[in-house]
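[1] what follows is a predicted protein model with its sequence.
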Amino acid sequence: MKNRGFNEVYQIDGGIVKYGEKYGDDGLWEGSLYVFDDRMGVEFSDHAKVIGECIHCHGKTSNYENCALASCNDLVLICDDCKADPDKLFHTDECRQAAKVGATA
C-alpha cells in the first residue's frame, strides 16, 4: 500500500482474527471476515453487519459458494434463497449453459 502512495499504513498486532476475538462487539470491524478454510467466514459478534450482495437477487448475504461448474469454480456471494435453486448454483448463464452442454455430451 505504501508503494501505491498511502502514507499511514498500519498492521494490526496479531492479525484481524485476534483483533476480532479481543474486541468483538466493541471493535470497529463491521461485517464477516473471509477466511481460507472450511469456515469460509468468521463473525466477531452476533449482530455483525451483512455487507455482501448476492450476485443473483442482490439481496444481502455473507454466504460464499463456488460456482457449480467445476472448470469455473469461481467463489461468489449467493444468498440462501438463491442457493436453494439448483440453476443459481452457477454464477453466470454461460456457466449454466456450459454445464448443460457437458452433461449431454
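    That came through, no problem. Numbering: from 1, shown residues only.
[2] alpha carbons only for contacts and neighbour counts from here, please
    Noted.
[3] quick one: residue 50 from residue 60, how far?
    Computed as C-alpha to C-alpha, to the nearest Å, the residue 50 to residue 60 distance reads 6 Å.
[4] and if you look at residue 69?
    Using C-alpha to C-alpha, one gets 24 Å for the distance from residue 69 to residue 60.
[5] these two - which one has more neighbours?
    Per other C-alpha atoms under 10 Å, whichever of residue 69 and residue 60 has more neighbours is residue 69, with 20 against 17.
[6] tell me where the protein has helices.
    Along the chain, the segments classed as helices by DSSP state H run 15-23, 80-83, 93-104.
[7] got JSON lines for those, with mean pLDDT, mean neighbour count and distance to residue 46 too?
    Shown next, in JSON lines, are these (pLDDT from 0 to 100; neighbours: other C-alpha atoms under 10 Å; distance: least, C-alpha to C-alpha, whole Å):
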{"stretch": "helix 15-23", "mean pLDDT": "87", "mean neighbour count": "14", "distance to residue 46": "12"}
{"stretch": "helix 80-83", "mean pLDDT": "95", "mean neighbour count": "15", "distance to residue 46": "18"}
{"stretch": "helix 93-104", "mean pLDDT": "82", "mean neighbour count": "13", "distance to residue 46": "35"}
